[in-house]
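Colleague: Need a 3D model of the sequence below.
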Amino acid sequence: MKDINVEVGIPPGIVIAFVKERDVDAETINKLLEENKDKEMLKLIVRALQKADTMQREMNLSHYKFQGLHMKIGLPPDLSLKFSRVGDNTKFSSSI
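Modeller: Numbers count the residues shown, from 1 in each chain. As a prediction, this is how the structure comes out:
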């Protein structure tokens, strides 16, 4: 997790920024979820990260590298994936 932004409005929300540093295997994720099965917010965040990771892998953007995402916890929830052009400083974002 890189940043947390709190949105004060109607409806309020929290935006969490994540930077992808490495892949995490399914066994480690399952162990984390099992050890924290009573923490609903953690489960929500981990599942959203899994969904975002799957989606970015399925997107065929050969000249772009996945950098991370912003996750809004609110109504409605929102995930924004962040990509950077390989060999360039130009950024590309995709909201889902």
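
Colleague: I'd like to know how far residue 69 sits from residue 41.
Modeller: 17 Å (Cβ to Cβ, to the nearest Å). For the C-beta atoms, the positions are set from N, CA and C on the backbone; glycine is no exception.

Colleague: what separates residue 29 from residue 39, distance-wise?
Modeller: To residue 39, residue 29 is 14 Å away according to Cβ to Cβ.

Colleague: So between residue 69 and residue 41, which is more surrounded?
Modeller: residue 69 (24 against 10; other Cβ atoms under 10 Å).

Colleague: mind checking which helix or strand the more buried one is in?
Modeller: strand 64-74 (DSSP states H and E).

Colleague: same deal with residue 41?
Modeller: With DSSP H and E as criterion, residue 41 is part of helix 40-58.

Colleague: between that helix and strand 64-74, how big is the angle?
Modeller: 150 degrees (axes from the mean of the first three to the mean of the last three Cα atoms, to 10 degrees).
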